[in-house]
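Chemist: Turn this into a model:
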Amino acid sequence: MFDVRIVTVCLPKLADMGHIPAAVSALLAVHGMIDAGPAGHFRIKTRPLSARLLRRSEPTGLLRPENGTAAGGPVRLLDLDVMREDLAERYWNRWQLWQQIVAGSPEPRPWWHFYDRHVADPEKYTWEHARHAFASQPRVAQMLTFNAHPRRPTELPIGHLDAFDAGPHAYSTYGWLQAVPADTMLTADGRLLRPASLRYADHLDYLSLANEHLAGLADGDVLVAVTPA
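Modeler: Model prediction:
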């Protein structure tokens, strides 16, 4: 149901950074998830590091740091504010472009409307029926056409229809909220947070809980981003 590209894992302060990869893999396994490797998700406050330090994460306190990003490290070394501000600005600009692309088109039904109908009666209302009915709506067709162009400046996510319709300020805030927790988050107390469904309201519920947890972390606590298999 969900396209989980990044899982953000929260850990209490650890004395040995070398133990983090094993700890993350074990925590994800509890929830039936396989760690496919680190993801360069976080912006860092330190300057780019030398090749020697890139091979030794323990002295720097960062995991796989490179070109201003890292797969994780103590909160004090990660520039979470810049991550949020950057994504908020990108979402603001994307909304302005989206408005131009879909101007004058009727408001569509979001994907979850068709998905729920398929789940309720998959034999009568097949996946192909749901996909075709959704994609045939004029506004969705305009977005899909834009996304098909190889030189498009950005993607207009079809799953963001509800968020786009909420307006530029709400959509920009949506980006701010997503920047750090990403698609799924494992809290320091072992809870797996993720949206309950494809609905925009459920995504906001998830992001609210995730950012509330992030706000309570100490500077020495650790954040790690991984790509699930």
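
Chemist: Give me the buried positions along stretch 128-147.
Modeler: By neighbour count on 16 or more other CB atoms under 10 Å, the buried set for stretch 128-147 is 130, 133, 134, 137, 139, 140, 142, 143, 146. Any C-beta I mention is one placed from the backbone N, CA and C, and that applies to glycine too.

Chemist: Report the mean confidence score over it.
Modeler: Stretch 128-147 carries an average pLDDT of 97.

Chemist: host element of the spatially closest residue to residue 158 that is not a sequence neighbour?
Modeler: Counting by CB to CB, 6 or more residues apart in numbering, residue 158 lies nearest to residue 143, which is 5.9 Å off, once chain neighbours are set aside. In the assignment (DSSP states H and E), residue 143 maps to helix 138-148.

Chemist: just checking, what packs against that helix?
Modeler: Helices and strands touching helix 138-148, by 3 or more CB pairs under 8 Å, 6 or more residues apart in numbering; DSSP states H and E, are helix 80-102, helix 127-135.

Chemist: continuing past it, what's the next helix or strand?
Modeler: helix 161-165.

Chemist: Verify the contact between residue 102 and residue 144 for me.
Modeler: No: counting by CB atoms under 8 Å, residue 102 stays clear of residue 144, with 11.2 Å between them.

Chemist: quick one: contacts for residue 87?
Modeler: Going by CB atoms under 8 Å, 6 or more residues apart in numbering, residue 87 touches 175, 176, 178, 179.

Chemist: Now find how far off-centre the helix holding residue 143 is within its chain.
Modeler: Distance, stretch centre to chain centre, for helix 138-148: 22 Å (CA atoms, centre = their mean, to the nearest Å).

Chemist: Give me the angle between that helix and helix 127-135.
Modeler: Angle between the axes of helix 138-148 and helix 127-135 is 100 degrees (criterion: axes from the mean of the first three to the mean of the last three CA atoms, to 10 degrees).

Chemist: Can I get helix 138-148 in PDB, CA atoms only?
Modeler: Written as PDB, here are the backbone C-alpha positions of helix 138-148 (Å, rounded to 0.1, in the frame of the first residue of the first chain):
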ATOM      1  CA  PRO A 138      -8.800  15.500 -16.200                       C
ATOM      2  CA  ARG A 139      -6.600  16.900 -13.400                       C
ATOM      3  CA  VAL A 140      -4.900  13.600 -12.800                       C
ATOM      4  CA  ALA A 141      -4.300  13.200 -16.600                       C
ATOM      5  CA  GLN A 142      -2.700  16.600 -16.700                       C
ATOM      6  CA  MET A 143      -0.400  15.700 -13.900                       C
ATOM      7  CA  LEU A 144       0.500  12.400 -15.400                       C
ATOM      8  CA  THR A 145       1.200  14.100 -18.800                       C
ATOM      9  CA  PHE A 146       3.500  16.600 -17.100                       C
ATOM     10  CA  ASN A 147       5.300  13.800 -15.200                       C
ATOM     11  CA  ALA A 148       5.900  11.900 -18.400                       C
END
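
Chemist: Which elements pack onto the longest strand along the chain?
Modeler: Longest strand in the chain by number of residues, with DSSP state E as the criterion: strand 222-228. Applying 3+ CB pairs under 8 Å, 6+ apart, we find strand 222-228 packed against strand 7-11, helix 20-30, strand 35-38, strand 72-74.

Chemist: could you check the angle helix 80-102 makes with that strand?
Modeler: On the basis of the same axes, to 10 degrees, strand 222-228 is oriented at 40 degrees to helix 80-102.
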